[in-house]
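Visitor: A predicted structure for the sequence below; I have some questions about it.
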Amino acid sequence: MTKPKAAQKRELHLDNVYILGLIWSDGHVNTKGRNELIIFTQSYPDAAHFKPIFMKTGNWKIYEIQEKQFARKVDIKTNNHYICQFLVENDFKQKSLVSPDKILSLIPEELHNYFYLGVTDGDGYWYVNHKNRCYQFSMASSFDQDWSYMIRLCDKL
């Protein structure tokens, strides 16, 4: 059974918002020269989860990389000038220093959770130790990261 057109469009939109969160946490926008790139890098097994989500949203190139001492990883790239320009205008070039307020202002509030899910999947870590009843979540980023958006989210929750 195929989904109605409205449902297909909505799912695609949710995936786009999720990908914006992933790129905010683990992506890189390169604007040097004419070959502007968006690069999202992830190691396996997480990469296997992310690849189909990216591929549903557009023309992404996937490069599998195996370095000697490291786990196999995947680079997911596109050189779409318009997407790169949009991300630069919304602070993705300086994302390690600023809060994602600009991009969040463009996303309908009812979809913010998909952005936060992308950020969490990119930079978050769950630790569970049932024996000691220890359940922890942590998130890490650069030293100078502006966490004000996460503070606002926690206050709201």
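Guide: Noted; the coordinates are in hand.
Visitor: against residue 139, how distant is residue 113?
Guide: Here the distance between residue 113 and residue 139 works out to 15 Å (C-beta to C-beta, to the nearest Å). The way it works is simple: take the backbone N, C-alpha and C, and place the C-beta from them, glycine included.
Visitor: could you say which helix or strand holds the most centrally placed residue in the chain?
Guide: Centroid-nearest residue in the chain: residue 22, 0.6 Å away (criterion: C-alpha atoms, centre = their mean). Here residue 22 is covered by helix 5-26, with elements defined by DSSP states H and E.
Visitor: so after that helix, what's the next helix or strand?
Guide: For helix 5-26, the following helix or strand on the C-terminal side (DSSP H and E) is strand 27-30.
Visitor: in that next one, what's buried?
Guide: Using 16 or more other C-beta atoms under 10 Å as the burial criterion, the residues of strand 27-30 that qualify are 27, 28, 29.
Visitor: show me the contacts for the residue lying closest to the second one once chain neighbours are set aside.
Guide: Using C-beta to C-beta, 6 or more residues apart in numbering and skipping residues adjacent in sequence, the residue nearest residue 28 is residue 39, 4.7 Å away. If a contact means C-beta atoms under 8 Å, 6 or more residues apart in numbering, then residue 39 has 27, 28, 29, 30, 75, 76, 77 as its contacts.
Visitor: just so I have it, where are all the helices in this protein?
Guide: Taking DSSP state H as the criterion, the chain carries its helices at 5-26, 46-57, 81-89, 101-106, 112-123, 148-156.
Visitor: as a markdown table, the ones you listed with mean pLDDT and distance to residue 132 would be great.
Guide: Below are the helices of the chain laid out as a markdown table (pLDDT from 0 to 100; distance: least, C-beta to C-beta, whole Å):
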| stretch | mean pLDDT | distance to residue 132 |
| --- | --- | --- |
| helix 5-26 | 74 | 29 |
| helix 46-57 | 84 | 26 |
| helix 81-89 | 88 | 42 |
| helix 101-106 | 94 | 37 |
| helix 112-123 | 91 | 23 |
| helix 148-156 | 90 | 25 |
